[in-house]
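**Student:** quick one, fold the following:
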Amino acid sequence: MRRVSLETTAVVTMEMQRGICGDLASIEPLGDAMVERGIAPCVGRLVVAAREAGLAIVHCTFSLRPDRLGTDMSLPLLRAAWSDPSYLLEGTASTELLPEIVPDSSDIICNRHHGVSPFAGTKLDAILRRRGIGTVVVVGVSLNVGITGLAIEAVNHGYKVFVASDAVIGVPIAYGDDVLRNSLAPIATLAKVDDLIAALAQ
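**Tutor:** Numbering: from 1, shown residues only. Sure, this is the predicted structure:
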């Protein structure tokens, strides 16, 4: 794979949160798939290596206000919020990053209360452009919606996109693999975490 430019590249994690794909997740198949493929440790290794190489790390997260202001609660993805008032409530444990993704004070959190991907109506684009970022390395969940939306929006905003293929997941797992091959490969460079880490070291 081609060399990664350290000065103009950022690792962007997507919804690597306990209440979405971790121990507090309401969508159990996603959490099970994460464990089966070892996604969280792969993301953790890449984040640590990227941080040590001086890359920007941006964590895109989702949370709900207590009054649900700004969130379309009719989305089927948010069914759990109807039965559990604390579901992804901002400031609660469910919104925390997974323990494998140990945040650093230099990391940037880009939180949103709406939609299914992180560019629209957030400061993500401004955050990246102010740092001179032209390339994003995408990791996290899920290939069903969030990762696919993030990659497409990044391309639409003019960024070059790498997807760490062993640090993303969808459900069913085979469907996620199909999304990588058939939807993301035409618009992004797919690369393994070990290859990305090696490129950072060059």
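
**Student:** surely Thr92 meets Ser86?
**Tutor:** Yes - between Thr92 and Ser86 there is a contact under CB atoms under 8 Å: 5.6 Å. C-beta: built from backbone N, CA, C; applies to glycine.

**Student:** ranges for the strands of this structure?
**Tutor:** 9-14, 56-62, 108-112, 135-141, 160-169, 189-191 (DSSP state E).

**Student:** which one of those lies nearest to Ala40?
**Tutor:** Minimum separation from Ala40 across those (CB to CB) falls at strand 160-169, 8.8 Å.

**Student:** partners of the closest one, with directions?
**Tutor:** strand 135-141 (parallel), strand 189-191 (parallel) (DSSP bridges).

**Student:** who's in contact with it?
**Tutor:** Outside strand 160-169, the residues that touch it by CB atoms under 8 Å, 6 or more residues apart in numbering are 4, 21, 30, 33-34, 37-39, 42-43, 46, 134-143, 147, 151, 154-155, 176, 180, 184, 187-193, 196.

**Student:** got it, and stretch 44-54?
**Tutor:** Contacts of stretch 44-54 (CB under 8 Å, 6+ apart): 6-7, 11, 13, 57, 98, 100-102, 104, 106-107, 137, 139, 164, 167, 193, 196-197, 200-201.

**Student:** can you add distance to Gln17 and give the strands paired with strand 160-169 back as TSV?
**Tutor:** Formatted as TSV, the strands paired with strand 160-169 follow (distance: least, CB to CB, whole Å):
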stretch	distance to Gln17
strand 135-141	9
strand 189-191	24
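
**Student:** please identify the most buried of the ones you listed.
**Tutor:** Compared across the strands paired with strand 160-169, strand 135-141 shows the largest average neighbour count, a mean of 27 (mean count of other CB atoms under 10 Å).

**Student:** any stretches of this structure with poor pLDDT?
**Tutor:** Applying pLDDT under 70 to the chain picks out residues 1-4, 73-74, 76-83.

**Student:** try it again with 80
**Tutor:** For the chain, the stretches flagged by pLDDT under 80 are 1-6, 26-27, 68-69, 71-85.

**Student:** which helix in it runs the most residues?
**Tutor:** Looking across the chain with DSSP state H, the single longest helix is helix 39-52.

**Student:** and it, what's buried?
**Tutor:** Ile39, Ala40, Cys42, Val43, Gly44, Arg45, Leu46, Val47, Val48, Ala49, Ala50, Arg51 (16 or more other CB atoms under 10 Å).

**Student:** what's the angle from that helix to strand 135-141?
**Tutor:** 150 degrees (axes from the mean of the first three to the mean of the last three CA atoms, to 10 degrees).

**Student:** all set, thanks.
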